[in-house]
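Asker: Sequence unavailable; structure follows:
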């Protein structure tokens, strides 16, 4: 997993989403899978977008609010 855009986007190999899920869980987020991926913390929910990038990578966009919480700013 590599940070590629100001801590809001992470590049992962193929569909190896486990490291990003672990990072979110370590910061108190619960993961809800549905039509789109949601993470929950307290009474708030946030959308997490996962996009294919080339043929062997995915880009996970956690959004600015979650990213700021994760990096502690």
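Answerer: Here it is on my side, so go on. If you're wondering where the values come from, they're calculated on a predicted model, not measured in any experiment.
Asker: For this structure, just list every one of the helices.
Answerer: For the chain, the helices defined by DSSP state H cover 18-26, 64-71.
Asker: What residues of the shortest one count as buried?
Answerer: Going back to what we said before, that points to helix 64-71. 66-67, 69-70 (16 or more other C-beta atoms under 10 Å). The C-beta positions use only the backbone N, C-alpha and C, and glycine is treated the same way.
Asker: ok so, going back, nearest to residue 41, out of the helices of the chain?
Answerer: Closest to residue 41 of these, according to C-beta to C-beta: helix 64-71, at 7.5 Å.
Asker: does residue 27 really touch residue 69, like I thought?
Answerer: Yes - using C-beta atoms under 8 Å, residue 27 is in contact with residue 69, at 6.3 Å.
Asker: who touches both of the two?
Answerer: Applying C-beta atoms under 8 Å, 6 or more residues apart in numbering, one finds that residue 27 and residue 69 are jointly contacted by residue 41.
Asker: Centroid-nearest residue for the protein?
Answerer: Nearest to the geometric centre of the chain sits residue 62, at 4.0 Å (C-alpha atoms, centre = their mean).
Asker: got a list of what that residue touches?
Answerer: Shown in contact with residue 62 (C-beta under 8 Å, 6+ apart): 8-10, 20, 24, 39, 46, 48, 70.
Asker: can you rerun that using 6 Å?
Answerer: Applying C-beta atoms under 6 Å, 6 or more residues apart in numbering to residue 62 gives the contacts 8, 48.
Asker: And residue 18, how far from residue 48?
Answerer: Using C-beta to C-beta, to the nearest Å, residue 18 is found at 14 Å from residue 48.
Asker: quick one, phi/psi of the residue lying farthest from the centre of the chain?
Answerer: Within the chain, residue 55 marks the point farthest from the mean C-alpha position, 19.4 Å out by C-alpha atoms, centre = their mean. Phi and psi for residue 55, reported as degrees, to the nearest 10, are phi -100, psi -20.
Asker: Good, wrapping up.
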